[in-house]
Every structure is written in C-alpha cells, then in structure tokens.
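K.L.:
I would like the atomic coordinates for the input below:
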Amino acid sequence: MKELIVCCSQQLFSTFINIYWIFNPSSNNTMFLLILLFTAVSVVAEPLNGCRCRYPQLCYTQLPWDELNTTLSGRLQVVHDEMAPCLHNISSLACSNSLAKTDEQFFYTGQIGGYMHTGLAYSWNISHPLARYAVAAITEADIANSLKFAHEHNLRVAVKATGHDWFGRSGSHPDYEGSFMIWTHLRKNITWHDEGFVGVGCPQSSRVPAVTVESGVQFADLYPIAEKRGSFVNGGGCTSVGFGGCTLGGCFGSFSQSLGPTASNLLQARIALANGTILTLSECEHADLFWAIRGGGAGYGVVLEFTMRAYKTPQYITTVSYEGVIESAGNNNDNISNVAVEILRAADTVARAHQGWNGGLSVPFPARLTFGITLNTYEGNVSAGIELLQPLAQWVTSQPFLSGKLSSNVKHRGNNWFEGPAPEGQQQLPWDLPHHDSEIGTEHLVSMSKWITHKALQQGPGDYGLKKVAHALINISTLASSGLLATLPGRVGVDMEKALGGAAPYTSNLARNTSLPPAVLDSVGFVTSQWRIPALPQLEQTSTVLKTLWPRLKVYAITNSSDELYSICEAGANGSESQAKVCFTRWNARKKAIVGELDTLRNALLEHFPVNNSYSGSYWNEADYYEPNWQMSFWGENYEKLLTIKKKYDASGLFVCHHCVGSEFWSPDGNCPLT
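P.N.:
Numbers count the residues shown, from 1 in each chain. Below you'll find the predicted structure:
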C-alpha cells in the first residue's frame, strides 16, 4: 500500500506543480520548499511494481551510474535547464548571455536541456526538473547500452535530438521529471551514396541515389551541403528540425506533393530496441517495423540513422497563383460564401490533376475580403498550372464586385538561389524556412490541424460538400479574427504541402507504403491553427525577464501601442519592478481570456472536421494536444496494425509518450501501466 501511495502521489504532485505554477508563477521559495518536502517522502520508497523508476527514488539514485558512465566513455551527463545560469543567478554575465539568445533556435537545439517550445498555456510548461541523467550519445553502442540499462532497471526514458517538440514528448513535459534521457543530437555524420543504395535484403534493381544521416542531423546541417553537390532531399521546411521526430511523424516539405513526404523516401533505417538490440530495417527486412516508423510516430525504439532517397536539386521552381478581392460594396455573406466555394473547387481541380502542386489557399471572410490560391512545385509546368486556375479567373471576371489577377513565376537555379541572409548565419534556400522568432522560446496557446479531404468536398448532392467546407473555413477564420484574437498575429491557414490528394502518381505510390492515415492520401488541403507567445516560465517574472521578452511580446502579444498594457509593460521592461509585476499580472489574466476564445475555435474546428470514416484527420507532429479520438485522427484504419507492431517490438512499453501508439495502456503521465 505504501508503494501504491507513493506512485500515485508522484502523478498527483506533478499535476499539482503545474496548477501551482499557473496561479503562482513567481513563488519560487514556496515551490522549492514543497519540492523538498515531496522529495523527502518519495525517496524512501520504491515505485509500485510496474511503474517507472525515476529520480530521486532510491531505485534510481542507487543504480551503478558510475559503471554505466565508464561503459559510455564518460558521456553520461546531468541534465540542466536551458536557462540554468539564470536560475542560479539572474544578475550574472552567464545569465545575460543566455537571455540574449532566447530568440535563437540553435541556442535551444544545441543544449541537452534545451527546448524551443516552453509548454502549452494552462496545461504544462518546462518550469520543473527535467531528466536527471542523459547520455550524450556518439556511437550506436552508447544508445544500445543506455537502453539496455534503462530496460533492466525499469527507468522512464526520454529520447531527444533537437527539442523541436510541441507536446513535450522529448522530455520537456513534467511527465519526464527524473527520467533517463537518450540525447542523439551529437550524432551528425552524413554519408552520400554516389553509386546508389540498396536497402538491406532488397534486390539490386531497387538501387537509387541516397544519403545516410545519423539521428542528430538537422535539415540545416544537410540542405546547404546537398545543394552544393547538386542533390536534394525532401525533408521538412524548418531547418532547425531534426530528421528523427519529423520522419517518424511523416514530415512534409516544400515538394511533398511531387516527391513525397520524408517518411515515404526512407530506404533504410537502423534502430535500437528497448533491450539494446540493433536492427537494420527496410522494405525487405523487418518490413513491419520499417512501415511503422514511416509515419507511425515515436515509441518503437531509438532510430540511429536514416538512409533517404536523394533527388537532383531542382533547376527551377514554378509558381502559379491567383489573388483576388471582394470590393467593399460586395461584402455580404452570399458573395463571401460563393468565392470560398470557388476557391475550394479550384483546389479540388488542382488535386484531381495529380501534377504534384504544393501551395496554399485562403478564403475571404467579413474581416478580410482578399482570397487566393498559390501553386508551386519542383520544375513544374507553368502552362499546366495556369490552365488549372483559369476557370477560377474566368468565374471571378464574370461576377460583380470581384477582381483578381492570375500570375506565374519561374525561379531558376543560379547565383540568387540562396535567399539569405537568414537568422543565425544560415543560408536560406527556396525550399527551407529558418524559424522566425515567433516560434522560438515560445509557449503554445493552441495548436490544431485538420485535413480537408475529397470525401468532405464530395458529400451530398451538387455543391453541398463544397458549401459545407466553405462555411467551415469562413467560420473558423472569423472566430480567429474576433475578440482578443484579432489583436494577435496567430493564424488559421490552409496549405497544400501536407495534403497528398493531388500528389503525382509516383508520389502517391510512395506514400501508400507508409503508415500515414488514409485521410492524407485523400486530402486537398491542410487546415492549421497555431498561436504562440514568447515565454520563459522557469524564471521569476521580473523586470530583467520582461526586458528580454518585451521586444517580441510587443510584436506577438501586446501589439497596439494604444493598449494601456503596452506602456505598463514597456516601463517594466525599462527597469520598473512594480510595473513589470503589473504587466505580468494583467497579461496573464488576458492570456487566460485568449485561451478561452481559442477553446471556442478548437470546438468549432472539431465540429466542422470530424475524423470518423476518414472524413478528416490530424497530423501527429502538429495536432491538438487534447486531440479526441487521437488513434483514429492520427492513423485511421492503420492504428490496429501499428499497435500490433508496437507490442511486438516494445513489449515492455519502455517508449511511452503522449498520444503515441499504445500510450492508452499507461497512466496519463506514462509512468504506470494500467491493469
């Protein structure tokens, strides 16, 4: 009974900490005393049989860590918070240096305890102890030996490469307090296969150009090198993202409709299982597990390296677009609805052509009367793109109060190929996107996504489906531009790079061999809603911290200089502790109201895009933290097969994470198996 109480009290205490920090963000002394008190209680007992062992329990502290460190050639490290110098002494030079880098993505991704996203408002944040120890892995043996150790001692395990993680799955969530981390970031080797590559066990006829990247490689490490070689790998668009988490979730980039998502271009992988066994996977060896890691999320093992299909770098990129506007005299519901229907009809036409166009679309709504659709792709046919959008252009011309323009552009590879300068010394290419500071060191207020499928557009007689989806987009766009949300630069957007319903036949065949949900192969567009604000929740809310946050807060949160809070916060950022306190107090109250409005937006999105019968679905890497029916939403009919594979290769459930395959059989914090 004592063990049961301790195990359960740990879960309750983690929840308590989160709640306490929400309402008492600056009470460091009280919280410190509570942590000491709880530690004194928890350290005296072992966890309930089956629950994970975590620091500071005796089962963790009394393990032979020195022996493990020797085995790992001294690569075992204590995990420190990304802002550790400030937690130690906020007036120190080291703290000042850290604060100056809080809008730099590689400041976070290069730290063992660094995370680009600091939490989810009123749910969780990183103001808690992280993993106690981590292996800064260099070799495959480092990872295999660490996993064997964790498996033998029933440790909670976190796996992290870059910390580019919206849901805390890589260790920033309170569920991972006192865990043991496998940190793969230092594994940066890149090997090109100039003579082609054949996956293990596969026929020689499958040989294609390829590159092998270790699990710490980020797209920023690979893209410039690939371009200089005349090669291209279709990875994610944001360059600080790592191959690992992106590929496991699917991973979409600028040319996904023409070349396939990253997961579909995986030829081979090496993976370490929970017991330290290393397997080499391909379509011809351990094909079931190979299928699972191409879109089935994390939780099967630690992938050590990825061998990806490589293409020739594009010699030109084609863009075709139509941009229009409703004149103010035509601002009525009928006009807005009719335009939205025609935009969706154009997107559906583009998808049905299967020419591999990426891009995006926007529909009008009362607060914004512009609309448009943009197509772009790898070496696309301009004439074909114009032909696809011509019916939309002709329809607009025939309507009163509407105007628009059809345009095209071909950007050729040459001296202007690199679009820099980009942040932090990067070389920006046309297909990558260095993170803007709106996404770095920020707290999510909400993150949501839904696919728009052919099934949704085709439902009912005539244009019923088109009208229904048009109404949905107008409604959620209106909600996103109303009330307090109108003061923030958050967004509801529809892109086409994460929708594969218009993929070229070659791409569709690749994607069908992944574990991505059927909905994505039927999708015309991808609705995403993301709202973030700069935040450093692990630090006391003082003038020093406000001075660091204010340059971005006034761009992304308190944006109007006539806002009474603007002058208060500016005074606080300029050194007034009393005004800083007022600023944080009032901003926290406003943020709570903003999140309330976002809850309304979330409910509308869920209502408009249900996941039943593959009507819609969500992308595992960019979904709602509270996604209902997440198994169906993320993987559809593939889920049962994925669960079978999970049980086969990770029978002990060592790799448990939020809304990962099999996590429903564990307690909400992932630390105790359910019976």
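K.L.:
hang on, isn't residue 213 packed against residue 310?
P.N.:
No. If you go by C-beta atoms under 8 Å, residue 213 and residue 310 don't touch, sitting 10.7 Å apart. Glycine gets a C-beta too; all of them are placed from N, C-alpha and C.
K.L.:
I'd like to know how many residues surround residue 63.
P.N.:
By the measure other C-beta atoms under 10 Å, the count of residues near residue 63 is 19.
K.L.:
how about the one 3 residues further on?
P.N.:
Here the number of neighbours of residue 66 (other C-beta under 10 Å) works out to 9.
K.L.:
what do you get for the one 4 residues further on?
P.N.:
Using other C-beta under 10 Å as the criterion, residue 70 is surrounded by 11 other residues.
K.L.:
then residue 475?
P.N.:
Burial of residue 475 is recorded as 16 neighbouring residues (other C-beta under 10 Å).
K.L.:
so who does it touch?
P.N.:
Shown in contact with residue 475 (C-beta atoms under 8 Å, 6 or more residues apart in numbering): 604, 608.
K.L.:
can I assume it sits in a strand?
P.N.:
No. Residue 475 is assigned helix when assessed by DSSP: H, G, I helix; E, B strand; the rest coil, not a strand.
K.L.:
okay, now residue 208: neighbour count?
P.N.:
Residue 208: 14 neighbours (other C-beta under 10 Å).
K.L.:
for residue 315, see how far away it is.
P.N.:
According to C-beta to C-beta, to the nearest Å, residue 208 stands 19 Å off from residue 315.
K.L.:
surely residue 57 and residue 63 touch.
P.N.:
No. Using C-beta under 8 Å, residue 57 is not in contact with residue 63; the gap is 10.2 Å.
K.L.:
what's the distance between residue 120 and residue 88?
P.N.:
27 Å.
K.L.:
run through the helices of the stretch 351-500 of the chain in chain order.
P.N.:
382-397, 454-458, 464-480 (DSSP state H, counting those that start in this stretch).
K.L.:
quick one: residues contacting residue 447.
P.N.:
120, 166, 529, 530, 531, 622, 623, 624, 625.
K.L.:
secondary structure and pLDDT for those residues - can I get that in CSV?
P.N.:
Compiled in CSV, these are given as follows (DSSP: H, G, I helix; E, B strand; the rest coil; pLDDT from 0 to 100):
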residue, secondary structure, pLDDT
120, strand, 95
166, coil, 91
529, strand, 94
530, strand, 91
531, strand, 94
622, helix, 94
623, coil, 95
624, coil, 96
625, coil, 96
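K.L.:
for these, which one is nearest residue 330?
P.N.:
Distance to residue 330 across those (C-beta to C-beta) is lowest for residue 529, with 27.1 Å.
K.L.:
which residues touch that closest one?
P.N.:
Going by C-beta under 8 Å, 6+ apart, the list of residues near residue 529 reads 446, 447, 448, 449, 476, 480, 490, 491, 492, 493, 601, 605.
K.L.:
rerun at 7 Å
P.N.:
Applying C-beta atoms under 7 Å, 6 or more residues apart in numbering to residue 529 gives the contacts 446, 448, 480, 491, 492, 601, 605.
K.L.:
ok, residue 650 to residue 555 distance?
P.N.:
Counting by C-beta to C-beta - residue 650 and residue 555 are separated by 43 Å.
K.L.:
burial measure for residue 62, as a count.
P.N.:
Count around residue 62 with other C-beta under 10 Å applied: 8.
K.L.:
that one and residue 122, how far apart?
P.N.:
Distance from residue 62 to residue 122, counting by C-beta to C-beta: 37 Å.
K.L.:
just residue 338 next, same as before
P.N.:
From residue 338 over to residue 122 (counting by C-beta to C-beta), the distance is 39 Å.
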